[in-house]
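> structure of the sequence below:
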Amino acid sequence: MIEPEIPNAPENPELSPVVINLLKGVLYLEADPKLWASLLRLQARVREYVQVIGLELVLDEAEGYAFLRSANDETVAEDGTKPLPRLIPRRRLSFPVSLLLALLRKRMAEADSGGGSTRLVMTRDEIVGLMRVFLAESSNEARIVDQMDAHIAKAVDLGFLRKLKSTNPQAQASFEVMRILKAFIDAQWLAEFDARLAEYAEHTLGKEAAADA
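From the prediction side, this is the model:
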């Protein structure tokens, strides 16, 4: 029986914790400065190690985040070599969640251009306010609220929003918009944002017309 070839165990004891944490999710400077320092020292080793399993390291020192993504596509190379199986699956997002992320990214760009703190914190009502203009009209306000909370929860689950803890139980929920959002929605995508908003408006109107028919 032929055993599959696997990467050799890292010789540097600092490398294993870095790779393991990256495989679990996004690594932030502010969350673990010591681990971040190890990543910066060992990033060449990390890139070489994860490449064996079809991943690549995305590292933004200025923004203070790093994560792994699939380095291969699903097409067959010119030499007939098939790509490695995708270790990190693609996630298909609903149109409202995609729109929410785009609106948050646009809000981040506006905050950045205004100077000051790079940390963007928004209340739940402020996030809902970004989306409300694009929501189909409905007499069921409770249903709209439930849908918006579900979209926000999805953004939290994806790691683009982080719910902040509060000592005041009466205060409305607040969320930090995570800087990693910039890695998924770039400047070119933002430049086409108006066209995408028009697409969403058309999508919403189409749903309204279908409901009235």
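> any idea how far Leu27 is from Glu56?
Using CB to CB, to the nearest Å, Leu27 is found at 14 Å from Glu56. For every residue, glycine as well, the C-beta is placed using N, CA and C.
> who's more crowded, these two?
With neighbours defined as other CB atoms under 10 Å, Leu27 and Glu56 compare such that Leu27 has more, 21 against 14.
> ok, the more buried one touching Trp36?
Yes. Using CB atoms under 8 Å, Leu27 makes contact with Trp36 at a distance of 6.7 Å.
> isn't Leu161 up against Ser174?
No. Leu161 sits out of contact with Ser174 when judged by CB under 8 Å, with a separation of 10.1 Å.
> just to revisit the earlier point, between Leu27 and Trp36, which contacts overlap?
When CB atoms under 8 Å, 6 or more residues apart in numbering defines a contact, the residues bordering Leu27 and Trp36 alike are Ala66.
> what element comes up after the helix or strand harbouring Arg162 heading to the C-terminus?
For Arg162, the host element (DSSP states H and E) is strand 161-163. With elements assigned by DSSP H and E, the helix or strand that comes after strand 161-163 is strand 174-177.
> what about the closest residue to Asp60 other than its chain neighbours, which helix or strand?
Spatial nearest neighbour of Asp60, excluding adjacent residues (CB to CB, 6 or more residues apart in numbering): Ala183 at 6.7 Å. Element membership of Ala183 [criterion: DSSP H and E] is helix 181-184.
> quick one: list the elements packing against that helix.
Applying 3 or more CB pairs under 8 Å, 6 or more residues apart in numbering; DSSP states H and E, one finds that helix 181-184 contacts strand 55-60, helix 95-113.
> that helix: which residues count as buried?
Judged by neighbour count (16 or more other CB atoms under 10 Å), helix 181-184 contains these buried residues: 181-183.
> same deal with stretch 151-167?
Buried residues in stretch 151-167, counting neighbours by 16+ other CB under 10 Å, are found at 151-152, 154-155, 158-161.
> re the thing from before, using TSV, lay out the buried residues of helix 181-184 together with pLDDT.
Listed next are the buried residues of helix 181-184 as TSV, based on pLDDT from 0 to 100:
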residue	pLDDT
Leu181	90
Lys182	87
Ala183	86
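> of those residues, which is the nearest to Ser16?
Nearest to Ser16 among the buried residues of helix 181-184 is Ala183, at 24.6 Å by CB to CB.
> domain map for the protein?
Domain assignment for the chain by automatic domain parsing gives 1-90, 95-212.
> quick one: the helices in this protein?
15-24, 33-51, 95-113, 124-132, 141-158, 181-184, 187-191, 193-212 (DSSP state H).
> before we move on, back to that, mind putting the helices and strands packed on helix 181-184 into TSV with mean pLDDT?
Below are the helices and strands packed on helix 181-184 laid out as TSV (pLDDT from 0 to 100):
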stretch	mean pLDDT
strand 55-60	92
helix 95-113	87
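> just put the ones you listed in a markdown table and tack on distance to Pro13.
As requested, those are exported to a markdown table (distance: least, CB to CB, whole Å):
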| stretch | distance to Pro13 |
| --- | --- |
| strand 55-60 | 19 |
| helix 95-113 | 37 |
